[in-house]
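1. Build the 3D model from these lines:
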Amino acid sequence: VQLQESGPGLVKPSQTLSLTCTVSGGSITDNDYYWIWMRQSPRKGLQWIGSIGYSGNTYYSPALKSRGSISRNMSKNQFTLRLTSVTPEDTAMYYCVRSTRVVVSSTSSGSWGQGIQVTVSS
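-> Sure thing, here's the model as predicted:
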């Protein structure tokens with residue numbers, strides 16, 4: 001499977017960040033897989049943002065305080081992260097991941113996209 005992130009590299013504070021992961025070599029409706037958004041920054045390390053299961057169920061990190069949402073487009077084999085009210089603290093490398101687990105805690109777990117750098121700045 002291959003995963004590719006896309007979206008803006010620069011977002012202004014208070015705006016909504018939207019990132020899309022395009023999946024090839026596998027289907028986002030494949031049984032037993034979760035499709036995950038992660039991020040990594042020098043200050044906060046590796047963080048789980050949220051996941052969407054093959055059935056469409058979603059799971060989110062409480063640390064996001066309900067700012068995040070994940071949706072999917074089955075016809076395009078994509079899933080999308082929306083993060084509202086961004087601040088400079090949301091500056092990070094964002095990754096999409098396929099895993100058999102709802103949450104991953106290391107880069108050695110699951111299949112990862114190459115990542116996209118997002119900077120929140122005015």
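2. got the buried residues for stretch 13-32?
-> Residues of stretch 13-32 classed as buried under the neighbour-count rule (16 or more other Cβ atoms under 10 Å) are Leu17, Leu19, Thr20, Cys21, Thr22, Val23, Ile28. In short, each C-beta sits where N, CA and C put it, glycine included.
3. export the residues you listed to JSON lines and tack on secondary structure and distance to Ser105?
-> Formatted as JSON lines, the entries for the buried residues of stretch 13-32 read as follows, by DSSP: H, G, I helix; E, B strand; the rest coil; distance: Cβ to Cβ, whole Å:
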{"residue": "Leu17", "secondary structure": "strand", "distance to Ser105": "23"}
{"residue": "Leu19", "secondary structure": "strand", "distance to Ser105": "21"}
{"residue": "Thr20", "secondary structure": "strand", "distance to Ser105": "24"}
{"residue": "Cys21", "secondary structure": "strand", "distance to Ser105": "19"}
{"residue": "Thr22", "secondary structure": "strand", "distance to Ser105": "25"}
{"residue": "Val23", "secondary structure": "strand", "distance to Ser105": "22"}
{"residue": "Ile28", "secondary structure": "coil", "distance to Ser105": "22"}
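4. Could you point out which of the residues you listed is nearest to Thr84?
-> Leu17 (8.0 Å; Cβ to Cβ).
5. ok, the closest one to Val97 distance?
-> As for Leu17, its distance to Val97 is 17 Å (criterion: Cβ to Cβ, to the nearest Å).
6. For stretch 58-74, buried residues please.
-> By neighbour count, and taking 16+ other Cβ under 10 Å as the criterion, the buried residues in stretch 58-74 are Thr58, Tyr60, Ser61, Leu64, Arg67, Gly68, Ser69, Ile70, Arg72.
7. quick one, what contacts the fourth one?
-> Applying Cβ atoms under 8 Å, 6 or more residues apart in numbering to Leu64 gives the contacts Ile49, Gly50, Leu83.
8. wait, which of these is closest to Lys12?
-> Nearest to Lys12 among the contacts of Leu64 is Leu83, at 13.0 Å by Cβ to Cβ.
9. Checking the residue most central in space within the chain next. Helix, strand or coil?
-> When Cα atoms, centre = their mean is applied to the chain, the residue found nearest the centroid is Trp37 (2.2 Å). Following DSSP: H, G, I helix; E, B strand; the rest coil, we place Trp37 in the strand state.
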